[in-house]
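In: Predicted coordinates and the sequence they were generated for:
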Amino acid sequence: MKIVFATGNPNKVREINSILGDAVEIIGLKDINCTEEIPETQGTIQGNALQKARYVKEHYGYDCFSEDTGLEIDALGGEPGVDTAFYAGPAKDADANMAKALANLKDKTNRGAQFRTVIALILNGKEHLFEGICRGEIAHERVGEGGFGYDPIFIPDGYEQTFAQMEAAAKNAISHRGKATEQLKAFLAKI
């Protein structure tokens with residue numbers, strides 16, 4: 001089976017491919033000549049995931065899936081949430097986003113947080129949603145060189161390392177995106 005993954009983020013493509021393995025051939029937006037920025041204007045993570053998948057289906061005609069992920073920090077009322085990529089501004093600068101999160105938590109004792117990923121799949125004219133959540137806490141400083149995004153400041157429950165300190169396979173086994181992707185993989189295997 002060949003399916004479009006509606007993302008321009010090569011890190012996400014690599015992560016999803018490592019989880020799905022040979023079950024599905026993933027092609028990216030470049031492979032279908034989609035070079036424009038796909039809108040993400042919904043107020044929820046689920047809404048953005050659906051919007052991106054629908055955009056590819058409507059404009060390019062391909063069955064596809066997309067995902068949207070948010071970091072929800074308890075002491076900040078769920079921020080950055082749907083604005084995770086743009087938390088510190090429109091540049092999608094991971095360093096600036098982490099700096100803002102750490103600054104906003106400076107005087108907070110509750111460092112609980114969760115990553116939430118929603119995958120929206122459009123296949124054979126039907127929409128399907130898969131959600132993965134990974135609880136944890138925000139570190140007091142950045143630690144680790146691996147991963148991407150907020151990985152250097154997120155410590156998953158039951159671990160002492162940040163996502164950025166973990167091997168990719170270990171992270172994928174417990175991460176929000178890994179959990180949602182495993183649901184997608186199981187669904188596709190039934191078809």
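Out: Right, received. Where do you want to start? Numbering: from 1, shown residues only.

In: Now do the same for Ala103: helix, strand or coil?
Out: Of the three states, Ala103 takes helix according to DSSP: H, G, I helix; E, B strand; the rest coil.

In: Distance check, the residue sitting furthest away from the middle of the chain against Ile138.
Out: Relative to the mean C-alpha coordinate of the chain, counting by Cα atoms, centre = their mean, the farthest residue is Asp107 (27.6 Å). Computed as Cβ to Cβ, to the nearest Å, the Asp107 to Ile138 distance reads 13 Å. Every C-beta, even on glycine, is put in place using the N, C-alpha and C of the backbone.

In: picking that back up, check the gap between the residue farthest from the centre of the chain and Glu67 for me.
Out: Using Cβ to Cβ, Asp107 is found at 33 Å from Glu67.

In: One more: Asn97?
Out: As judged by Cβ to Cβ, Asn97 and Glu67 stand 18 Å apart.

In: try Ala186
Out: When distance is defined by Cβ to Cβ, Ala186 is 16 Å away from Glu67.

In: And these two? Which one has more around it.
Out: Neighbours per residue, other Cβ atoms under 10 Å: of Ala186 and Glu67, the larger number sits with Glu67, 28 against 11.

In: host element of that one?
Out: Per DSSP states H and E: Glu67 is located in strand 64-73.

In: Return the distance of that strand from the chain's centre.
Out: Distance, stretch centre to chain centre, for strand 64-73: 4 Å (Cα atoms, centre = their mean, to the nearest Å).

In: just the helices in this protein please.
Out: Along the chain, the stretches classed as helices by DSSP state H are 10-20, 45-60, 94-104, 168-174, 176-190.

In: and Gly78, which of those helices is closest to it?
Out: Closest to Gly78 of the helices of the chain is helix 45-60 (Cβ to Cβ; 10.6 Å).

In: what pairs with the residue nearest the centre of the chain across the strands?
Out: What sits nearest the mean C-alpha location of the chain, by Cα atoms, centre = their mean, is Thr69, with 3.6 Å. Under DSSP bridges, the beta-bridge partners of Thr69 are Thr117.

In: Correct me if wrong: it contacts Thr84.
Out: Yes - counting by Cβ atoms under 8 Å, Thr69 touches Thr84, with 6.5 Å between them.
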